[in-house]
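Student: sequence plus predicted model, see below.
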Amino acid sequence: MIEGTHVRLRALRAEDAEHHLRWRNDPETVRLAAAGDPCFGPVTPEALGLGFDTMLRLVPREAAVFTVEEAATGRVIGMADYRDLDPWAGVATLGITIGEPDVRGRGHGSEAVRLLVDHLFGAYGLHRLELDTWSGNEHAVRAFTRLGFRIEGRRRAAVLVGGARYDRVLFGLLREEWAAAAPQHRAGDGGGDGDGDAVTG
């Protein structure tokens with residue numbers, strides 16, 4: 001378990017599937033998280049179950065999915081993950097979803113990302129972390145930028161949402177950049193309008 005001030009990350013459990021099913025069948029969560037990608041949702045319980053069994057068996061040296069809980073109540077509010085961990089290159093991709101609408105915009109997603117970044121740079125000694133979102137999710141873009149991620153590129157008009165085209169925004173963060181801003185990250189343990197209410201990937 002990875003403890004923060006307002007949230008904590010814990011290992012995924014079988015009973016978390018009910019939360020994932022609810023989030024992936026909520027239109028607003030699907031829109032924010034995956035730009036309406038039908039691969040994310042809606043999804044049947046049977047289809048979710050197949051993928052969920054795989055997530056429960058992930059090897060932490062390669063990938064993992066964490067459940068995000070409110071620290072004070074233990075309430076499940078979202079998920080965070082890393083994947084494509086390359087120990088030779090020292091690179092991994094991460095993502096965050098805050099599935100409960102009433103806690104978005106309160107800094108919980110930002111703190112969850114902060115905890116995950118600390119974990120990956122610390123426990124695995126990685127050199128670089130990557131994530132992405134779509135340009136229509138302005139809260140996520142601001143949140144990731146405030147955390148120290150830099151916009152490294154855009155895949156122009158790569159995302160279609162509601163008949164409109166948006167860019168796929170690509171972010172990167174280096175180990176030395178995170179270390180240099182460490183005091184700021186320790187102080188910034190909540191608040192902010194750009195709570196990372198997106199799945200990155």
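Tutor: Perfect, I can see it now.

Student: secondary structure element for the nearest residue to residue 101 once chain neighbours are set aside?
Tutor: In space, residue 101 comes closest to residue 28 once its chain neighbours are excluded; the distance is 6.8 Å by Cβ to Cβ, 6 or more residues apart in numbering. C-beta here means a position set from N, CA and C on the backbone, and glycine is covered the same way. Residue 28 belongs to helix 27-34 when assigned by DSSP states H and E.

Student: which helix or strand lies directly C-terminal to that helix?
Tutor: Once helix 27-34 ends, the next helix or strand along the chain (criterion: DSSP H and E) is helix 45-56.

Student: check which helices and strands that following helix sits against.
Tutor: Packing contacts for helix 45-56, counted by 3 or more Cβ pairs under 8 Å, 6 or more residues apart in numbering; DSSP states H and E, involve helix 17-24.

Student: please name every helix or strand in contact with the helix it packs on.
Tutor: Secondary-structure packing of helix 17-24 (3+ Cβ pairs under 8 Å, 6+ apart): helix 27-34, helix 45-56, strand 76-86.

Student: tabulate the ones you listed (TSV), appending mean pLDDT.
Tutor: TSV is the format used below for the helices and strands packed on helix 17-24 (pLDDT from 0 to 100):
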stretch	mean pLDDT
helix 27-34	91
helix 45-56	93
strand 76-86	97
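
Student: got these as TSV, with distance to residue 166 and mean neighbour count columns?
Tutor: Shown next, in TSV, are these (distance: least, Cβ to Cβ, whole Å; neighbours: other Cβ atoms under 10 Å):
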stretch	distance to residue 166	mean neighbour count
helix 27-34	11	20
helix 45-56	26	13
strand 76-86	22	21
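
Student: out of those, which is closest to residue 19?
Tutor: strand 76-86 (5.1 Å; Cβ to Cβ).

Student: tell me what angle that closest one forms with helix 27-34.
Tutor: 20 degrees (axes from the mean of the first three to the mean of the last three Cα atoms, to 10 degrees).
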